[in-house]
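>>> Sharing a model prediction with you, sequence too.
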Amino acid sequence: MGLSIVEDWPELEHRQVMNAINHAAGRYHADDERTAAQRMADGLINLAKAYASGAVTGGREQPTVIVGCTPETIAGLSDQPGWTAHGDRIPADVLRQLAENAYIRRIVMAGTTIIELGNRVRFAADDLYQALMIRDGGCRYPGCTVPAAWCEIDHLIPVEHGGGTNTRNLVLWCTFHHHVEHRAGVIVIGDATDLHLQMPDGRRLHGPPKGRTTPAAA
C-alpha cells in the first residue's frame, strides 16, 4: 500500500500537517535508514496512536507555522501576501483568517535591523475562547458534530471591516466549515446569538449555539 499526501489544499493546512507528521516521525539522525516516505508513514502512525491513546485530543494549540506579514495586511488595508519560514507565499485573505486563531508578535524593523520585539498576543484571549466553547458546544454549522475543542474562532464581521472581538461577533467553526463560511456568495445574517447563513443556492441555514446548561443524559 502506498502513501501520498494530498497537495490540493490550503497552504497553511498543508504546512501544519507536514510539520505535525515530521515532528511525530522523530528527529532525523545519521543512523536513520528510513526513506522520506517511510518517515512520513511512521509519523502518521505515531499521530494515530497518540490520538487513539488520548494523548492528542484537539484544542487551540496547533503545529507552529511561522508567517511574516505587514500590519496593513492584517488590518485589511493591503492585500500584500505573507511568507512562511519555508518560503511559501500566503494570500492576504488566508492570513487574516489565520490571525483569528494565531499568536501575533509585533516586530519593528529598520531595514534588516530588528529594533523592537513585542510579546505574543491573540485577537481572542483564552478566557473568551473557553466561554465560546461552553456556549457553542461545537461547530455552529447545522448538522456538524465536530466538538468545541477541535474548532476555530471566527469573527462574523471581519476585524478589517470593523468587527469586534466579543461574544456577539465570535463563533466556533470546524476547519472545513470555517472555509465554507468564507466562500464567495455565503452571507452571514445576524450575530452569534441568532446566526443564519444565506447560501449561494438560496438555502437559509440556522446555526444556533449547541452548548448544554445541564449534563447530557447517560
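Arrived safely.
>>> Going by C-alpha atoms from here, please, whenever you check contacts or count neighbours.
Noted.
>>> Could you list the low-confidence segments of the chain?
1-13, 24-33, 49-64, 101, 104, 119-124, 212-218 (pLDDT under 70).
>>> quick one, domains of it?
Per the record, the chain has its domains at 11-52, 67-121, 126-206, by automatic domain parsing.
>>> Show me which of those domains has the highest average neighbour count.
Among the domains of the chain, domain 126-206 has the highest mean neighbour count (mean count of other CA atoms under 10 Å), at a mean of 17.
>>> now it: how far from the chain's centre is it?
13 Å (CA atoms, centre = their mean, to the nearest Å).
>>> Next: stretch 15-23.
The chain centre lies 14 Å from the centre of stretch 15-23; the measure is CA atoms, centre = their mean.
>>> residue boundaries of the strands in this structure?
Secondary structure of the chain (DSSP state E): strands at 67-68, 82-84, 89-90, 104-110, 113-121, 152-155, 170-173, 187-189, 196-198, 204-206.
>>> got a markdown table for the ones you listed, with distance to Q16 too?
What follows is these, written out as a markdown table (distance: least, CA to CA, whole Å):
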| stretch | distance to Q16 |
| --- | --- |
| strand 67-68 | 12 |
| strand 82-84 | 11 |
| strand 89-90 | 13 |
| strand 104-110 | 17 |
| strand 113-121 | 19 |
| strand 152-155 | 14 |
| strand 170-173 | 18 |
| strand 187-189 | 28 |
| strand 196-198 | 28 |
| strand 204-206 | 31 |
